[in-house]
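**Student:** Could you look at this predicted model? Sequence included:
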Amino acid sequence: MTVTITAFARSPDRGCGHARDMRVRWALEEVGRPYEVRLLSFDAMKEPTHRRLQPFAQIPTYEDGDLALFESGAIIMHIAEHNAGLLPDAPQARARAIMWTFAALNTIEPPIVDLEITMIIERDKPWYAERLPMLQDRVRTRLGELATHLGDGDWLDGAFSAGDLLMVTVLRRLIGTGLLEDHPNLGAYVARGEARPAYARAFAAQLAVFTGSTASR
Ligand SMILES: N[C@@H](CCC(=O)N[C@@H](CS)C(=O)NCC(=O)O)C(=O)O
């Protein structure tokens, strides 16, 4: 049974790989699972048909036979649990890799998304100039802590794992803000993720949707 995921028919990021289908594509590429993509307009995402799959009317979703999932983190964990390549076999290393998926989504991503949303929709508000540095500082604090943990390691805990996959996609959201540049080891970490052949295939596939070349692999 081929996996089907959903993605934006026209991604607001213009194919920069920030939409969360990118994580799912990358995970599927890492484990060598072919997949199809159902592209959705913003109107189609709000329809009952899609809400039955994703109650919050968002992408991505994941369908494999009679299993339907939403939430990119849950989808990545499902892929990682059922295919080799994204979680170590040793129980303690596996638990730590799962811990890093939560750290990426619960500790690092929220302040980054707060900053991102504020920069998009609050630019013309009277509080923007005061609020922006506060949000940037929250991100800086987390990046400093993450950079200290990473040190000169290649990945967060031993071999590349689902935790790194999610962390790299989360950190990429900062491209263009200048914040990542404070920590060369984090920049190198992101570049290491982007250099993986599976990442390159996933990125090309989602970019092709935007440029109009193809919708699935
Ligand atoms: N926590 C969800 C967030 C999903 C999400 O925010 N999806 C965005 C695209 S990256 C979306 O569908 N935005 C359109 C909307 O919310 O209307 C996940 O990780 O899957």
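**Tutor:** Cool, got the structure.
**Student:** how long is stretch 145-164 end to end?
**Tutor:** One end of stretch 145-164 sits 16 Å from the other (CA to CA, to the nearest Å).
**Student:** Let me see the domain layout of the chain.
**Tutor:** 3-85+198-215, 91-196 (automatic domain parsing).
**Student:** Contacts (any at all) between the ligand and the first one?
**Tutor:** The one in question is domain 3-85+198-215. Yes: residues of domain 3-85+198-215 are located near the ligand by CB under 6 Å from any ligand atom, namely Ala19, Arg20, Ala57, Gln58, Ile59, Glu71, Ser72, Gly73. The C-beta positions use only the backbone N, C-alpha and C, and glycine is treated the same way.
**Student:** can you redo the domains of the chain as TSV with mean pLDDT and mean neighbour count?
**Tutor:** Output for the domains of the chain, formatted as TSV (pLDDT from 0 to 100; neighbours: other CB atoms under 10 Å):
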stretch	mean pLDDT	mean neighbour count
domain 3-85+198-215	96	17
domain 91-196	97	16
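**Student:** Can you report phi and psi for whichever residue of the chain sits closest to the ligand?
**Tutor:** Using CB to the nearest ligand atom, the single residue of the chain nearest to the ligand is Gln58, 3.1 Å away. The phi/psi pair for Gln58 (degrees, to the nearest 10) reads phi -130, psi 170.
**Student:** next one: Gly144
**Tutor:** Main-chain torsions, Gly144, degrees, to the nearest 10: phi -60, psi -40.
**Student:** Leaving aside the residues adjacent along the chain, what's closest to it?
**Tutor:** Excluding the flanking residues, the one nearest Gly144 by CB to CB, 6 or more residues apart in numbering is His183, at 7.2 Å.
**Student:** from what I can see that neighbour touches Leu143, true?
**Tutor:** Yes: taking contacts as CB atoms under 8 Å, His183 lies within contact range of Leu143: 5.7 Å.
**Student:** Just the helices from the protein, written as ranges.
**Tutor:** 21-31, 42-46, 48-51, 72-82, 91-102, 109-121, 128-150, 162-172, 184-194, 197-211 (DSSP state H).
**Student:** what inclination does the fourth one have with respect to helix 162-172?
**Tutor:** The one in question is helix 72-82. Angle of helix 72-82 versus helix 162-172, following axes from the mean of the first three to the mean of the last three CA atoms, to 10 degrees, is 150 degrees.
**Student:** these two touch, right, Leu156 and Leu165?
**Tutor:** No: between Leu156 and Leu165 there is no contact, the gap being 10.4 Å when judged by CB under 8 Å.
**Student:** re the thing from before, who are the contact partners of the residue nearest to Gly144?
**Tutor:** Contact analysis of His183 by CB atoms under 8 Å, 6 or more residues apart in numbering lists Leu143, Gly144, Leu146, Ala147.
**Student:** Give me the phi and psi for it.
**Tutor:** Torsion angles, degrees, to the nearest 10, at His183: phi -130, psi 90.
**Student:** From Ala19, how far out is the residue lying farthest from the centre of the chain?
**Tutor:** What lies farthest from the middle of the chain is Pro126; by CA atoms, centre = their mean that is 31.5 Å. Shown here: Pro126 relative to Ala19, a distance of 31 Å by CB to CB, to the nearest Å.
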